[in-house]
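>>> Structure for the following, please:
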Amino acid sequence: MNYIRKNVLYKELFYDGTLILKYHIEYPSLYGSVSGNTTFKFNNYNMKLALDIKTKTETELYKEAIETYKYNKENGYPIMVFEVYRNYVITTNLSNILSLYTDEYIFAGGAHGNTIRSSQTWNLLQGKLLPLASFFPFNPYFIINILKEINTQIEKDPSNYFENTCNLVLETFSPKSYYIEDNKIVIYFQQYDIAPYSSGIRTFII
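Now for the predicted structure:
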């Protein structure tokens, strides 16, 4: 098991003396358990992701929040606080493999916010990210097999999904959307990809 520290970037942003935006951005860092080169690559990779979100939030999203604030104030509407909340979940923590996913929730007005999931799986001995294909070295048709398994699972309870799900799975599947948990591959789809918002982020154990 590797030692992982949780880091948090947090800030509240005001305009005209009013809170209009806040963010809470979590990201992991390794320490004292793997080689220095791997530690640097992992930590630098995750810190950069977090700082990019921070910069985008403080510039683009803050600008949107100001415009929304002005519009709502001029028209007598309630003042909304924009929000970015990002957390991560470690799904596998072994000496050689580390897998995790992050959920980034963004509220920018409207009826509700949206959550975007991303993930990463590392070979810590080699200090590199592992593509999904690396788990199927002798199967050039592994994506076809995965898609068939996903559709088989959907058919067991199709009420949670949109109609014509088979085509939607094919259109929205991404080989980057996976992580490892309990020695199994978990494939996920973003909100609205194959199911209504109320169904959340759909996952499939392969």
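>>> And the residue nearest the centre of the protein?
residue 117 (2.2 Å; C-alpha atoms, centre = their mean).
>>> Can you name the element that comes right after the helix or strand containing that one?
Assigned by DSSP states H and E, residue 117 belongs to strand 114-123. Counting by DSSP H and E, the next helix or strand C-terminal to strand 114-123 is strand 128-129.
>>> Give the partner strands of that following strand in its sheet and their orientations.
strand 114-123 (antiparallel) (DSSP bridges).
>>> quick revisit: which of the residues in the strand holding residue 117 are buried?
Buried residues in strand 114-123, counted by 16 or more other C-beta atoms under 10 Å: 115, 117, 118, 119, 120, 121, 122. In this view, the C-beta of every residue, glycine as well, is placed from N, C-alpha and C.
>>> For the residue nearest to the centre of the chain, give the beta-bridge partners.
The partner residues for residue 117, given DSSP bridges, come to residue 103.
>>> about what we covered before: how about the buried residues of strand 114-123 in CSV, adding pLDDT and distance to residue 184?
As requested, these are arranged in CSV below (pLDDT from 0 to 100; distance: C-beta to C-beta, whole Å):
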residue, pLDDT, distance to residue 184
115, 97, 23
117, 98, 17
118, 98, 19
119, 98, 14
120, 98, 17
121, 98, 12
122, 97, 17
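>>> returning to that earlier point: the residue nearest to the centre of the chain contacts residue 91, doesn't it?
No. If you go by C-beta atoms under 8 Å, residue 117 and residue 91 don't touch, sitting 11.9 Å apart.
>>> anything in contact with each of these two?
Common neighbours of residue 117 and residue 91, counting by C-beta atoms under 8 Å, 6 or more residues apart in numbering, are residue 101.
>>> Which helix or which strand is home to the closest residue to residue 151 other than its chain neighbours?
Nearest residue to residue 151 in three dimensions, chain neighbours excluded: residue 166, at 5.5 Å (C-beta to C-beta, 6 or more residues apart in numbering). Element membership for residue 166 (DSSP H and E) is helix 165-172.
>>> For that helix, output the C-alpha coordinates as PDB.
In PDB, the C-alpha atoms belonging to helix 165-172 read as follows (Å, rounded to 0.1, in the frame of the first residue of the first chain):
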ATOM      1  CA  THR A 165     -29.100   2.400 -25.500                       C
ATOM      2  CA  CYS A 166     -27.100   0.100 -27.700                       C
ATOM      3  CA  ASN A 167     -26.200   2.900 -30.100                       C
ATOM      4  CA  LEU A 168     -25.600   5.400 -27.300                       C
ATOM      5  CA  VAL A 169     -23.200   3.000 -25.600                       C
ATOM      6  CA  LEU A 170     -21.300   2.700 -28.900                       C
ATOM      7  CA  GLU A 171     -21.200   6.500 -29.400                       C
ATOM      8  CA  THR A 172     -20.200   7.500 -25.900                       C
END
